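# Show me how the following folds:
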Amino acid sequence: MLRKLPLHLALLLLTQCSKCKNDPRPADPVSQLPPVTQTGANTFGCLVNGQAYTPQGNNGTSNFAVLYEPGPTGANLNLLTYRITSNGRQYLNLSCGPVTQARTYSLSIPVTEGTAGYADTSRPRPCDSYESNQAPSYRKGTLTLTRLDLQARIIAGTFELTLAQPGCDTIRITQGRFDKKL
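Below you'll find the predicted structure:
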């Protein structure tokens with residue numbers, strides 16, 4: 001029995017060390033996004049073709065801006081974001097108007113209530129830019145304002161979007177959320 005003790009200890013040590021390896025499963029992309037809130041938390045995030053997109057980096061301007069510009073028939077709303085990565089820069093912008101209340105606005109073509117654009121400098125031309133007014137192109141999506149509180153100066157919502165153009169991969173933007181103090 002004493003002769004087998006070192007063997008058992010060695011096996012026990014090996015089984016414990018095998019748990020020290022990094023978990024090979026990547027983190028769930030949705031878990032890398034900020035939570036959906038309506039408190040003015042200054043957050044933005046979405047999945048772009050299944051990969052987490054959150055604003056990051058600094059080029060001298062804010063990497064997440066919400067412009068709410070009132071007019072006589074409602075406001076123009078613009079969400080502007082960018083992220084700087086080791087591969088390049090990505091830009092995502094959403095616009096709609098006239099905005100008069102918290103509700104769902106169409107981002108689809110033909111342009112009626114809103115527009116959207118996406119650019120990624122790491123992609124080859126002409127597939128590096130999906131501009132909403134570029135022809136021929138495809139755009140379908142919605143932006144839902146879940147809170148538009150001008151007294152508290154909070155605007156929050158969710159969005160989803162599909163962009164495509166001939167000869168290029170389709171860009172699918174899902175699980176979009178934003179929450180901003182104006």
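# Run through the helices of the chain in chain order.
For the chain, the helices defined by DSSP state H cover 5-17.
# Identify the residues contacting the residue nearest the centre of the chain.
For the chain, the residue sitting closest to the mean C-alpha position, by C-alpha atoms, centre = their mean, is C46 at 2.4 Å. With contacts defined as C-beta atoms under 8 Å, 6 or more residues apart in numbering, C46 is in contact with L33, Y53, L92, F159, I173, T174, Q175, G176, R177. All C-beta spots, glycine's among them, are computed from the backbone N, C-alpha and C.
# Out of these, which is nearest to S86?
Closest approach to S86 among those (C-beta to C-beta): Y53, at 15.0 Å.
# For the closest one, which non-adjacent residue is closest in space?
Leaving aside its chain neighbours, Y53 sits nearest to C46 (5.3 Å; criterion: C-beta to C-beta, 6 or more residues apart in numbering).
# any idea how far T81 is from that neighbour?
Distance, C46 to T81, using C-beta to C-beta, to the nearest Å: 9 Å.
# Quickly list what's touching both of these two.
L92.
# By mean pLDDT, flag the weakest helix or strand of the chain.
Within the chain, no helix or strand scores below helix 5-17, which has a mean of 49 by mean pLDDT, DSSP states H and E.
# Of the contacts of C46, select the buried ones using a ChimeraX command.
Typed into ChimeraX, the line below selects the buried ones among the contacts of C46, using 16 or more other C-beta atoms under 10 Å:
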select :33,53,92,159,173,174,175,176,177
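# Narrow the contacts of C46 to those in strands?
Taking DSSP state E, the ones among the contacts of C46 that sit in strands are Y53, L92, F159, I173, T174, Q175, G176, R177.
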